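In: below: sequence and its predicted model.
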Amino acid sequence: MAILPLAAALAGLLIGLCARAPVVRHSVAEGGPLRSGCPSCTAPLPGARGSGLRAAVAARCRDCSVRLGPPPLTVEAVTALLLGALAWKAAAGGTAPGAAAPLPGVAWAAWATEAAQLAELAELLAFCWLAVLCTVLAFVDLAVRRLPDRFTLAAGLGAAGLLTVAAATGGRWRDLLGAGLGGLALAAFYLLLFLVNPAGMGLGDVKLAAALGVGLGWLGRDALIAGAFLGLLAGALYGAALIALRRGSRKSEFPFGPFMIIGAFAVILS
């Protein structure tokens, strides 16, 4: 049982290393060109086109050693932990997140047909896909307070596509309907928040909500509500902490995407 989570965690480390370059490239102001090299010396970004693996791990430019992007191994650690945890949950009960539990008395060897196994794999991959892209989005949002469309749309569409495979091979059409409705419902809710308070919420958050809603909706109505609530709660607690520490006020703006992601994955992994 420990082999799958360990393999997933190791894959997460490698994926996180590859994800660092997109994080750095997209950590620019809204409407600005993507970063193609070191802002100090214009050398190629570490990890891009095979440029400087050691520099990529150190999160520094290989030529001038200036810091690039998040601290070393942070992106890699997050992707490794998320993918390892998702695989652990899938292996622990013989099910992927949200799947029906095996029938009592049915041995692992006879757990499911090949189609059902494909369904479980597609479901696990859907949540892993969502986890990796949400990691990139969280770090970009923390850096420059924006959520690039190419990642929010890819997260939602990719997860929806893989869950469609899971539904088709596992007969879980009701769950797929829940995923679609969940994405629409959570996006509509955050759109309402944006219309009420445009300064505190962006359209990027609305698009991220749609992607997270697909994953949460697949797990059911209760998961959707809990994930939305925990995301709002985490953001509210952070805002309250800023005020208590006198580092901000009620009008202070901060990236909300990471809190939405934390709330969603707290439910997905529970």
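Out: Perfect, I can see it now. Numbers count the residues shown, from 1 in each chain.

In: how many residues are close by the residue nearest to residue 170 when sequence neighbours are not counted?
Out: Counting by CB to CB, 6 or more residues apart in numbering, residue 119 is the residue found nearest to residue 170 once chain neighbours are left out, at 2.9 Å. The way it works is simple: take the backbone N, C-alpha and C, and place the C-beta from them, glycine included. Burial measure for residue 119: 23 neighbouring residues, criterion other CB atoms under 10 Å.

In: check contacts around residue 119.
Out: 99, 112, 165-172 (CB atoms under 8 Å, 6 or more residues apart in numbering).

In: could I get the pLDDT score of it?
Out: pLDDT, residue 119: 86.

In: got a winner among the contacts of residue 119 for most neighbours?
Out: residue 166 (28 neighbours).

In: against residue 90, how distant is the residue nearest to residue 170?
Out: Distance, residue 119 to residue 90, using CB to CB, to the nearest Å: 12 Å.

In: still on that earlier bit, so which strand or helix has the residue nearest to residue 170?
Out: Taking DSSP states H and E as the criterion, residue 119 maps to helix 114-144.

In: what comes up buried for that helix?
Out: For helix 114-144, burial by neighbour count (16 or more other CB atoms under 10 Å) applies to 116, 118-141, 143-144.

In: stretch 211-222 too?
Out: For stretch 211-222, a neighbour-count test (16+ other CB under 10 Å) marks 211-220 as buried.

In: quick one: which of these is nearest residue 257?
Out: residue 212 (9.7 Å; CB to CB).

In: and the helices in the stretch 1-150 of the chain?
Out: 3-26, 53-58, 74-92, 114-144, 149-170 (DSSP state H, counting those that start in this stretch).
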